[in-house]
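Q: Would you be able to build a 3D model of this:
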Amino acid sequence: MSRYLAKNLLGRQKSWSVATQKRLAMTTSMLASIKSLKMLGTTPYTETLIQNLRLNELAMAKRVRWMMVAYNASANALGIFSPIITFVLYAFLATFGGSPLDTETAFTTTALLGLITHPANMIMTIVPQAVGSLAAFERIQQYLLQPSRRDDRLLVKNPDNISVQNSLAIQMQNVAIEGNSSSGPILKNINLVVHKGSIAICSGTVGSGKTVLARALMGEIETASGQIFVSSKRMGLCAQSPWLPSGTLREAICGFSPDDQTWYQEILRMCCLNEDISTFPHGEDTQIGSRGFNLSGGQRQRVALARALYARCEILILDDPFSALDGNTQSTIVDNLLGTNGLFKRMGTTVFLVTNTASYFHLSDWLIVLGDASVKYQGTWADLAQKSGANIDPSILQSEKKDDQTQLEVDSTIRIQTLKVADAVLDLSRATGDLSLYSYYLRAVGYRNFFLLMTCTALYSFFITFPQYWLTKWTAAPAYQASFYIGGYLIASLIAWTATNGSMW
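A: Residues are numbered from 1 along each chain as shown. Predicted structure coming up:
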């Protein structure tokens, strides 16, 4: 049985793990995009897809479970049937002149068999778990053997006699980036220079490769050809879809950076977070939830921006960080950060901003426009505004009109939601669940299966201990009744073995 298990369980366990991972990946992706799915009306299709993945997962699990039941049945047989086999042999030998079975011999034998069979049974029970874990170790090994992320960026050291304005912060030479498919390069022949302390704005149509270019500057995407030079690999990033750690608002902003209260308050003011914090039930100590679940979209982006600013990196990559903000908040933050007397100019921070908001192009020191997988234009905004006949999508040059009356963040709703979730975090009773949760699982299992489980458990509990009482009667009975007691002992053992197998099933 062990040989058969080792031969077949590994592959089945791996198939089960793969099916589980597919189902979890699809569920996570669906929950992250639930608003878009509801707007598109595709939730029924997605629900069907996840249900099919779940059914496939259960089918893979059933193949493993049947093997586990069969193996555990053979393992349990060792401890249950070894006493009756021993007593049958003893009774058989007693008919040829041996001493009859007495109480001392019977219970001493039972105790010795228990000392031997229990550890052996435990070892046999561990075997399928060990074999099953090999599938997980194999997948972990495949992940660990994958090549590490290759950082193609090269550090450039500027001579001491060069002014800060002429010092290079970012330089790309003939850079090409290819995707996984064979549809052609995402970006090609990219050549650009960004000086220290300058603000570079990258624009372009949807799908032109702006985010890919920003990720390449971060070293998160490998280049197919060309070279990227940076003055520092310590860069800050504020992505369009912000990531935030679970914890309090202050912890999310400060992270592992040294505590600087003055700088912290300055960042809150720059990102217009003071008013929001004043509405939170616990202020800056409010739990923001996993990935900032308790915050609105605009609040998440501003907290992520504050987190990037607090780190005080020399180079800051901003991937459309203002897209979820209302007009007033967006204008205020842009003026605080990108304005002539803004924070970036005062700190001498090099900024690479990805945006399609043409009304901010005049704030840039260098403008880059992408299109057709290459750079369509780069230079100053003044040159682009005066340049006629440039091969640039007109939609990029159209300033986006912001409706100042549109309020994307409903403060009252956020306050109520945050208060509810904050209370839920402190609700320790949820850790143990409630009756409705258990009733849900009971209905999913089925009342018939639950009744069978309880019946098998009760039968096993009774008949695994009943042989001790039966053995006492046996030792006090005459020798000619041995066959009767052997039959009774065997029936009790069979019922106990069948009941425990039924419980596992």
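
Q: Buried ones in stretch 240-250, by neighbour count?
A: Using 16 or more other CB atoms under 10 Å as the test for burial, stretch 240-250 gives 240, 242, 244, 248-250. For glycine as for every other residue, the C-beta is placed from the backbone atoms N, C-alpha and C.

Q: Quick one: name whatever helix or strand follows the strand or helix carrying A135.
A: Using DSSP states H and E, A135 falls within helix 103-144. Counting by DSSP H and E, the next helix or strand C-terminal to helix 103-144 is strand 153-155.

Q: same for that next one, what does it pack against?
A: strand 225-230 (3 or more CB pairs under 8 Å, 6 or more residues apart in numbering; DSSP states H and E).

Q: looking at it, W243 is touching R291, isn't it?
A: Yes. In terms of CB atoms under 8 Å, W243 counts as a neighbour of R291; the distance is 6.5 Å.

Q: Give me the phi and psi for the residue lying closest to D372 once chain neighbours are set aside.
A: In space, and not counting its chain neighbours, D372 is closest to S208: 7.8 Å by CB to CB, 6 or more residues apart in numbering. Backbone geometry at S208, expressed as degrees, to the nearest 10, gives phi -80, psi -10.

Q: for Y264, same thing?
A: The phi/psi pair for Y264 (degrees, to the nearest 10) is phi -60, psi -50.

Q: Numbering from 753 from now on, please.
A: Fine by me, first position is 753 from now on; the one you just mentioned is Y1016.

Q: I figured it was touching E1003, is that so?
A: No. Using CB under 8 Å, Y1016 is not in contact with E1003, being 11.6 Å away.

Q: Show me what the helix holding A887 is packed up against.
A: Counting by 3+ CB pairs under 8 Å, 6+ apart, the packing neighbours recorded for helix 855-896 are helix 754-784, helix 795-846, helix 1218-1228.

Q: and I832, how many residues sit next to it?
A: By the criterion of other CB atoms under 10 Å, I832 has 22 neighbours.

Q: In this structure it contacts F1215, no?
A: No. Using CB under 8 Å, I832 is not in contact with F1215, being 9.3 Å away.

Q: For the residue nearest to D1124, which residues are in contact?
A: Neighbour list for S960: 1122-1125 [criterion: CB atoms under 8 Å, 6 or more residues apart in numbering].

Q: just to revisit the earlier point, got any residues that touch both of I832 and F1215?
A: Overlap between the contact sets of I832 and F1215, as judged by CB under 8 Å, 6+ apart, is given by 1245, 1248.

Q: Ok, which of the helices and strands packed on helix 855-896 comes nearest G1050?
A: Between G1050 and the helices and strands packed on helix 855-896, the tightest spacing by CB to CB is seen for helix 754-784, at 17.9 Å.

Q: How far does the helix or strand just after the closest one sit from its chain's centre?
A: Counting by DSSP H and E, the next helix or strand C-terminal to helix 754-784 is helix 786-792. Centroid separation for helix 786-792 versus its chain: 21 Å, with CA atoms, centre = their mean, to the nearest Å.

Q: what do you get for stretch 997-1004?
A: The chain centroid and the centroid of stretch 997-1004 are separated by 18 Å under CA atoms, centre = their mean.

Q: how about the strands in the stretch 1053-1202 of the chain?
A: 1067-1071, 1102-1106, 1118-1123, 1126-1131 (DSSP state E, counting those that start in this stretch).

Q: The first one: partners in the sheet, and parallel or antiparallel?
A: Which is strand 1067-1071. The sheet places strand 1067-1071 alongside strand 987-990 (parallel), strand 1102-1106 (parallel), with pairing taken from DSSP bridges.

Q: mean confidence score for the first one?
A: For strand 987-990, mean pLDDT is 91.

Q: and what of the longest one?
A: Strand 1102-1106 shows a mean pLDDT of 94 in the predicted model.

Q: R1195 is nearest to which of the strands paired with strand 1067-1071?
A: Taking those one by one with CB to CB, strand 987-990 is closest: 46.0 Å.

Q: Other residues contacting the closest one?
A: Defining contact as CB under 8 Å, 6+ apart, one finds that strand 987-990 is touched by 966, 969-970, 1053, 1056-1057, 1059-1061, 1063, 1065-1071, 1073.

Q: Check the offset of it from the chain's centre.
A: On the basis of CA atoms, centre = their mean, strand 987-990 sits 22 Å off its chain's mean C-alpha point.

Q: tell me which residues of stretch 869-876 are tucked away?
A: For stretch 869-876, the neighbour count (16+ other CB under 10 Å) marks 869, 873, 876 as buried.

Q: Show me this structure divided up by domain.
A: 754-898+1186-1256, 903-986+1101-1148, 996-1064+1075-1094 (automatic domain parsing).

Q: before we move on, back to that, what's the closest of the helices and strands packed on helix 855-896 to F981?
A: That would be helix 754-784 among the helices and strands packed on helix 855-896, by CB to CB, at 35.2 Å.

Q: quick one: average confidence on the closest one?
A: What helix 754-784 shows for mean pLDDT is 80.

Q: for it, packing partners?
A: Using 3+ CB pairs under 8 Å, 6+ apart, the elements in contact with helix 754-784 are helix 795-846, helix 855-896.

Q: Now do the shortest one against helix 754-784, angle only.
A: To tie it back to what came earlier, the one meant is helix 855-896. Interaxial angle, helix 855-896 versus helix 754-784 (axes from the mean of the first three to the mean of the last three CA atoms, to 10 degrees): 50 degrees.

Q: can you check the first one too?
A: Between the direction of helix 795-846 and that of helix 754-784, the angle (the same axes, to 10 degrees) works out to 160 degrees.

Q: Do I have it right that A1056 meets A991?
A: Yes. Between A1056 and A991 there is a contact under CB under 8 Å: 7.2 Å.

Q: Could you tell me which residues touch both of these two?
A: P1073.

Q: So between those two, which is more surrounded?
A: With neighbours defined as other CB under 10 Å, A1056 and A991 compare such that A1056 has more, 24 against 19.

Q: SS state for the residue lying closest to that one once chain neighbours are set aside?
A: If the residues on either side of it in the chain are set aside, A1056 comes closest to P994, at 3.3 Å by CB to CB, 6+ apart. Of the three states, P994 takes coil under DSSP: H, G, I helix; E, B strand; the rest coil.

Q: P994 contacts V1055, correct?
A: Yes. Using CB under 8 Å, P994 is in contact with V1055, at 7.3 Å.

Q: got any residues that touch both of these two?
A: Overlap of the contact sets of P994 and V1055 (by CB under 8 Å, 6+ apart) consists of G1044.

Q: What mean pLDDT does the helix or strand where L1204 lies get?
A: Per DSSP H and E, L1204 falls inside helix 1199-1215. Mean per-residue pLDDT for helix 1199-1215: 86.
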